[in-house]
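Undergrad: Mind folding the following:
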Amino acid sequence: MNLQASLHSHNEVLTDMDISKCNKYLASSSKDGKVIIWDWKNCLKVDEFAAHNSTINNIKFFQVKIKT
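TA: Sure, this is the predicted structure:
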C-alpha cells in the first residue's frame, strides 16, 4: 500500500477523523482545538474551525433529514 496523499494544517496530534455519508468530505480534529473539513478526494481544505481552547477528542458527521 502506498501513501496517496497527505493533509497538513493541524499543529498538534490528530485525535479523530470522520468521512461524510456522501464520501466527499473528511473532518479531522486535533489536540490543537481545531476542526478541519477537507475535500479529501482532491486533498483541499474546505473550512477550519478553531473555536476550542483545548483538545477535541471526537468528531462525527451527522445526517439531517429534511421533511418535504
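Undergrad: tally of neighbours for the closest residue to K41 other than its chain neighbours?
TA: Leaving aside its sequence neighbours, K41 sits nearest to K24 (CB to CB, 6 or more residues apart in numbering; 6.9 Å). For the C-beta atoms, the positions are set from N, CA and C on the backbone; glycine is no exception. By the criterion of other CB atoms under 10 Å, K24 has 13 neighbours.
Undergrad: Report the contact partners of K24.
TA: The neighbours of K24, taking CB atoms under 8 Å, 6 or more residues apart in numbering as the test, are 39-41.
Undergrad: Which of those has the largest number of neighbours?
TA: That'd be W40 among the contacts of K24, by other CB under 10 Å, with 20 neighbours.
Undergrad: Look up the pLDDT of the closest residue to it other than its chain neighbours for me, please.
TA: Leaving aside its chain neighbours, W40 sits nearest to L26 (3.8 Å; criterion: CB to CB, 6+ apart). Per-residue pLDDT puts L26 at 94.
Undergrad: Next, the contact list for L26, please.
TA: When contacts are counted by CB under 8 Å, 6+ apart, L26 touches 7, 17-20, 37-38, 40.
Undergrad: same question, K60
TA: So K60 contacts D18 (CB under 8 Å, 6+ apart).
Undergrad: Any figure for the gap between it and C22?
TA: 15 Å (CB to CB, to the nearest Å).
Undergrad: For the residue nearest the centre of the chain, which residues count as its bridge partners?
TA: By CA atoms, centre = their mean, the chain has its centre lying nearest to A27, at 1.5 Å. Going by DSSP bridges, A27 is paired in beta bridges with D18, I37.
Undergrad: close enough to count as contact, it and L14?
TA: No. Assessed by CB atoms under 8 Å, A27 is found out of contact with L14, at 10.9 Å.
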